[in-house]
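Visitor: no FASTA, just this:
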Ligand SMILES: Nc1ncnc2c1ncn2[C@@H]1O[C@H](COP(=O)(O)OP(=O)(O)OP(=O)(O)O)[C@@H](O)[C@H]1O
Ligand SMILES: [Mg+2]
């Protein structure tokens, strides 16, 4: 039994890192501006296609292509904020939900038209790593490392750099930030961009080991919701831990029941946590 | 004397509701001016309009002769117009030190940030001791000191205080009073907005009384304190 359990747990945990970075993007945007970004999934999918298109057209190493995808994700997010979100930022939540949902539909519409829904696959491999009974593709290990690196850099940015501190100030008290001379609209755009950048990076990493279509982001968006509830919305590090919990859970479940039960279990957990600890298992912003 | 900040016929409000009905007020350079009045007469609204948190409907706000009424709030500290807002409005999740850094965001203030930090730590040694503490966990008095210190970090030319003394113990009131005197000696132009009329009038040079969105009385603070209507309405004499 344990010779199946251990490898699939490791598999799940490695995947959990990537879930974590996707959730971190959602969590960051919520934490700074109280907006639930419903275009999160399609942006994850765009990250997948970004890596795919760069790799198949230029042969550039996917991990180098990730820098391009990250930058594009940042810019796209800032544009989405400026065009669709900023004008409703102070309106009730329903307005921002509808605004980001519209962006979701637009990306999926254009994506389906231009890229079709035929599954794509990046023809790239780094071989496998074997330790005892465990064999995992190096791409999964690399994705976990990339996630840790990006998380570290994000924290460094938020706690050491001036724009990062501005983001925390705006998240904490937007009116006061504005009074102290911080251009809050620009800082909100930057924060939204960072959130979508994390989504694009997550997509890019997933594309190195799973096939995908323009619709593939949806399931990761849903997982991000579960993870944010696990880790506490608005808490980026909590998102990473939430991702690991979910990944581990996904790794273990198939040993006990058919994989079709995984989403039932996940969302059962989601509802349970909302009922018992609405602020999230690992706490959240006060 | 020359008015550093000059407000003329200023009108503003929230949504459809007009609060200010043509306010005239000017702050002379180096002077401590106070604005007093009862609850809900529009004092905070006036400050919000000056800083740009809400837009003026009509009238003008001139700083050093230049019209600044249309500028967004975040541009004001750049010019030297800074508010210590009602209810402190600290960055409660950030450290004391970070709150002070967030005060110094404009280019002038950033150039002298290290110097100014020493200066405010000199004025409020307590803050130096609590430099890395989260602002939200400070005592009420310490939070008020931090709010003032953060405002000073912006290197203001005009510093405005909204209910500076609200809810503070007498000792702290005295401390802050001394701080204001010191700032005045250094030549800072200040506007003190207070409900505590007695306190405000006793420390300031010039005073305005506001009622229902209009200035109803103005003059040297000592003279305003002698007016019958002020005595009756605010000083309980
Ligand atoms: N954000 C807001 N939206 C709508 N109305 C507001 C808002 N803030 C204040 N008001 C209204 O504007 C009027 C003036 O309020 P303001 O806060 O300017 O008074 P104030 O003189 O500062 O009073 P206090 O001394 O109690 O602080 C009040 O009637 C208040 O209800
Ligand atoms: Mg007020």
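Guide: That came through fine. Because the structure is a prediction, the values reported are computed rather than measured. Ligands and ions are numbered 1, 2, ... in the order given.
Visitor: buried residues in the helix or strand of chain B with the lowest mean pLDDT?
Guide: When each helix and strand of chain B is scored by mean pLDDT, DSSP states H and E, helix B:228-230 comes last, with a mean of 80. Neighbour-count burial for helix B:228-230, counted by 16 or more other CB atoms under 10 Å in any protein chain shown, picks out residue B:230. Bear in mind the C-beta positions are built from the backbone N, C-alpha and C, glycine included.
Visitor: Leaving out chain neighbours, which residue sits closest to residue B:142?
Guide: Counting by CB to CB, 6 or more residues apart in numbering or on different chains, residue B:142 lies nearest to residue B:126, which is 6.0 Å off, once chain neighbours are set aside.
Visitor: Buried by neighbour count: which residues of the one helix or strand the one you found maps to qualify?
Guide: Assigned by DSSP states H and E, residue B:126 falls within helix B:125-129. Burial within helix B:125-129, assessed by neighbour count using 16+ other CB under 10 Å, is assigned to B:126, B:127.
Visitor: Mind giving me the packing neighbours of that helix?
Guide: When contacts are defined as 3 or more CB pairs under 8 Å, 6 or more residues apart in numbering or on different chains; DSSP states H and E, helix B:125-129 sits against helix B:113-123, helix B:140-153.
Visitor: Low-confidence ranges, chain B, go.
Guide: In the predicted model of chain B, residues B:1, B:235-237 satisfy pLDDT under 70.
Visitor: Up against ligand 2, what does it have?
Guide: For chain B, the contact set with ligand 2 under CB under 5 Å from the ion comprises B:43, B:44, B:86.
Visitor: For the residues you listed, pick the one with the most neighbours.
Guide: When neighbours are counted by other CB atoms under 10 Å in any protein chain shown, residue B:43 leads those with 23 neighbours.
Visitor: Can you name the residues that contact that one?
Guide: The contact partners of residue B:43, by CB atoms under 8 Å, 6 or more residues apart in numbering or on different chains, come to B:35, B:36, B:37, B:162, B:193, B:210.
Visitor: got the contact list for the helix holding residue B:126?
Guide: Contacts for helix B:125-129 (CB under 8 Å, 6+ apart): B:96, B:100, B:120, B:121, B:142, B:145, B:146, B:149.
Visitor: quick one on the thing from earlier: distance from the chain centre to the least confident helix or strand of chain B, please.
Guide: The offset between the C-alpha centroid of helix B:228-230 and the centroid of the whole chain comes to 24 Å, using CA atoms, centre = their mean, to the nearest Å.
Visitor: do you know which of the helices and strands packed on helix B:125-129 lies nearest ligand 1?
Guide: Comparing the helices and strands packed on helix B:125-129 against ligand 1 with CB to the nearest ligand atom, the closest turns out to be helix B:140-153 (15.5 Å).
Visitor: Tell me the helices and strands packed up against that closest one.
Guide: Contacts of helix B:140-153 with other secondary structure elements, assessed using 3+ CB pairs under 8 Å, 6+ apart, are made with strand B:81-84, helix B:96-103, helix B:113-123, helix B:125-129, strand B:158-162, helix B:170-185.
Visitor: Report the distance from it to the chain centre.
Guide: Put simply, helix B:140-153 sits 12 Å off its chain's centre (CA atoms, centre = their mean).
Visitor: buried residues in that helix?
Guide: Taking 16+ other CB under 10 Å as the neighbour-count basis, helix B:140-153 is seen to contain the buried residues B:141-153.
Visitor: What of stretch B:202-211?
Guide: Judged by neighbour count (16+ other CB under 10 Å), stretch B:202-211 contains these buried residues: B:203, B:204, B:206, B:207, B:208, B:209, B:210.
Visitor: Spell out which parts of chain B neighbour chain A.
Guide: Remark: the part of chain B in contact with chain A comprises B:51, B:53, B:72-78, B:82-83, B:85, B:89-94, B:98, B:101-103, B:105-106, B:150, B:154, using CB under 8 Å from any CB of the partner chain.
Visitor: And the residues you listed, which of them are buried?
Guide: If we count by 16+ other CB under 10 Å, the residues of chain B next to chain A have these buried: B:51, B:53, B:73-77, B:82-83, B:85, B:89-94, B:98, B:101-103, B:105-106, B:150, B:154.
Visitor: What about the residue of the stretch 151-286 of chain A found nearest ligand 1, how many residues nearby?
Guide: Nearest residue of the stretch 151-286 of chain A to ligand 1 (CB to the nearest ligand atom) works out as residue A:175 at 10.4 Å. Look at residue A:175: counted by other CB under 10 Å, it has 15 neighbours.
Visitor: so who does the closest residue to ligand 2 within chain B touch?
Guide: Each residue of chain B has a distance to ligand 2, by CB to the ion, and the smallest belongs to residue B:44, at 3.2 Å. Counting by CB under 8 Å, 6+ apart, residue B:44 touches B:86, B:162, B:193.
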